[in-house]
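Novice: What shape does this take:
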Amino acid sequence: MTISRLAGLVLGMLPLACPGVLGQATPASLPISEPAPLATPGTVQVDAGRPTLQQRHPRYKVTRQDLLALSFPLSPEFNRQVRVQPDGFVNLQNAPGLYVEGMTVAEIADALKQTYSSILHNPIIYVDVLEFQNAYMIVGGQVAKPGQYDLRHDTTLSQAIAVAGGLTPDAKTQVFLFHRVSPEQVEVRKFNLKDIYRGKNANEDAELQPGDTIFVPATFISKFRKYVPYSTGTYVDPAALLGK
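Specialist: Numbers count the residues shown, from 1 in each chain. The predicted structure is shown next:
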């Protein structure tokens, strides 16, 4: 056998031994699956069917009467301090008023950049909160000292009632917690203090949020006493009333 015939025989066997070589197509019975996209480091893939979790540590949101410091490193002539007005707006220099109530510092900075972009090229703006309203809670109803109290640290429902002097003898152990979730909506939850104090449902002792209101209602008998007064320990002889 000559060398040329041997080379031709080898080349003729290659398509049978190695599919896909020398222009051969991959068989249709072997589908090729595309690799799954890789997640970017530091990100979490969220299932579309699952609800989005709320942020665990939300940033402070500006409210009325807060004092803000606006700093323009490249345009210091625009630096100033502004106070949030009762309507939620702040007055700006050479720009229309901006509504900032309920916004975080980062959101205010972005809104200011958009506002000043018409007179400044790529403005750099920093925002700081100089004065802010102290967080508070309100405890009302049948407690010894109803009123508004500062919320300086993590406080639960039962602790707030203790701060307000505790329950009065006419108080019910079923109390209500009012929490505003939006300007138009208030969430109301009912708690049984008896179960919380006894440790039966201690984990349900809710942690208060700024602006929460606790209301402790009165028992039915205490309401009834207002309209049907009575005294105890005193007996009056009907005969004495008749002069007999």
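Novice: Double-check that Asn115 belongs to a helix.
Specialist: One thing to correct before we go on: residue 115 is Thr, not Asn. Yes. Under DSSP: H, G, I helix; E, B strand; the rest coil, Thr115 sits within a helix.
Novice: That one contacts Leu98, doesn't it?
Specialist: Yes. If you go by CB atoms under 8 Å, Thr115 and Leu98 touch, sitting 5.9 Å apart. To be clear about C-beta, it is placed using only N, CA and C from the backbone, and glycine gets the same treatment.
Novice: Pull up the overlap in contacts between those two.
Specialist: Leu92 (CB atoms under 8 Å, 6 or more residues apart in numbering).
Novice: Let me know the pLDDT of Met3.
Specialist: Heads up, residue 3 is Ile, not Met. At Ile3, the model reports a pLDDT of 54.
Novice: Could you do Leu74 as well?
Specialist: 94.
Novice: what number of residues lie near the closest residue in space to it that isn't next to it in sequence?
Specialist: Among residues not flanking Leu74 along the chain, Ile124 sits closest, at 5.6 Å (CB to CB, 6 or more residues apart in numbering). When neighbours are counted by other CB atoms under 10 Å, Ile124 registers 12.
Novice: ok, now Phe176?
Specialist: 16.
Novice: what about it, distance to Leu193?
Specialist: Distance, Phe176 to Leu193, using CB to CB, to the nearest Å: 11 Å.
Novice: swap in Tyr116?
Specialist: 53 Å.
Novice: tell me the domain boundaries of the chain?
Specialist: 67-131, 136-227 (automatic domain parsing).
Novice: Any figure for the gap between Ala218 and Val143?
Specialist: 11 Å.
Novice: thinking again about what came up before, list the contacts of the residue nearest to Leu74.
Specialist: 72-74.
Novice: What about the residues you listed, which one has the most neighbours?
Specialist: Phe72 leads the contacts of Ile124 on contacts (other CB under 10 Å) with 18 neighbours.
Novice: phi, psi of that one?
Specialist: phi -120, psi 90 (degrees, to the nearest 10).
Novice: Start the count at 149 instead of 1 going forward.
Specialist: Will do, 149 is the new start, and the previous item becomes Phe220.
Novice: hmm, back to that, which one's more surrounded, Ala366 and Val291?
Specialist: Val291 (22 against 15).
Novice: Once you drop chain neighbours, what's closest to Tyr345?
Specialist: Ser306 (6.9 Å).
Novice: Please disregard the earlier target; I meant Val334.
Specialist: Arg328 (5.1 Å).
Novice: Tell me if the one you found really is in a helix.
Specialist: No. Going by three-state DSSP, the assignment for Arg328 is strand, not a helix.
Novice: what about Ser306, which SS state?
Specialist: helix.
Novice: Start from the N-terminal end of this structure and give the strands.
Specialist: 215-219, 228-231, 237-240, 243-247, 274-279, 284-289, 295-298, 322-330, 333-340, 361-364 (DSSP state E).
Novice: closest to Asn351 out of these?
Specialist: Closest approach to Asn351 among those (CB to CB): strand 333-340, 11.8 Å.
Novice: can you give me the mean pLDDT across that closest one?
Specialist: Rounded mean pLDDT across strand 333-340 is 93.
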